[in-house]
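J.: build me a model from this:
(one chain, ligands or ions: 1)
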Amino acid sequence: MICPECHAEYLDHIIECGDCKVSLINASAVDMPLTKMTWAALPPFQGKIYADMAAEILEKNNIPYYLKMDWTASAFSIESATIPGEVVRIFVPKDTLEKASDLVSSISGDSE
Ligand SMILES: [Zn+2]
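T.: Here you go, the predicted model:
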């Protein structure tokens, strides 16, 4: 299932987007390039300012992406409990994931 607003993917038994409060649509019923792509999530960003920086880099490199706020994760994840603010996930097409992670790795704070 796909949210028509934010294009987040959900399991089949979910009928409403938790973020947008709109009814989800069946992915196979939608004839959009978006649904034919497999999306993969980059490591979460602690706050929208970092996500925006990452998005800018992706844009410059012509990598399509979408952002998804994850309020629940920021409220319940022990790992991010020390950092107030929202967790933002960026989704990119799976075949660009490696390149995208590389490009934004300095921003997400993961300096391996
Ligand atoms: Zn949504």
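J.: Leu67 in helix, strand or coil?
T.: strand (DSSP: H, G, I helix; E, B strand; the rest coil).
J.: oh, that last question was meant for Val92, not what I typed.
T.: When classified by three-state DSSP, Val92 comes out as strand.
J.: wait, it touches Leu58, no?
T.: Yes. If you go by C-beta atoms under 8 Å, Val92 and Leu58 touch, sitting 6.7 Å apart. Backbone N, C-alpha and C define where each C-beta goes, glycine included.
J.: shared neighbours of these two, which are they?
T.: With contacts defined as C-beta atoms under 8 Å, 6 or more residues apart in numbering, the residues shared by Val92 and Leu58 are Pro64, Tyr65, Ala100.
J.: how near is the last one to the ion?
T.: I take that to be Ala100. 22 Å (C-beta to the ion, to the nearest Å).
J.: type out the PyMOL command that picks the buried ones from the shared contacts of Val92 and Leu58.
T.: In PyMOL syntax, the buried subset of those is picked out as below (16 or more other C-beta atoms under 10 Å):
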select buried, resi 65+100
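J.: how many other residues sit next to Met1?
T.: Met1 is flanked by 19 other residues according to other C-beta atoms under 10 Å.
J.: could you chop the chain up by domain?
T.: Per automatic domain parsing, the structural domains of the chain span 1-36, 38-104.
J.: first to last residue in the longest one, what's the distance?
T.: Put plainly, it is domain 38-104. Domain 38-104 has an end-to-end distance of 20 Å (C-alpha to C-alpha, to the nearest Å).
J.: ok, which stretches of the protein are helices?
T.: 33-36, 48-60, 71-76, 97-104 (DSSP state H).
J.: related to what we said a few turns ago, between the shared contacts of Val92 and Leu58, which is nearest Gly47?
T.: Tyr65 (16.8 Å; C-beta to C-beta).
J.: who's in contact with stretch 58-73?
T.: With C-beta under 8 Å, 6+ apart as the criterion, stretch 58-73 contacts 6-8, 18-19, 37, 39, 44, 48, 51, 55, 80, 86-93, 96, 99-100, 103-104.
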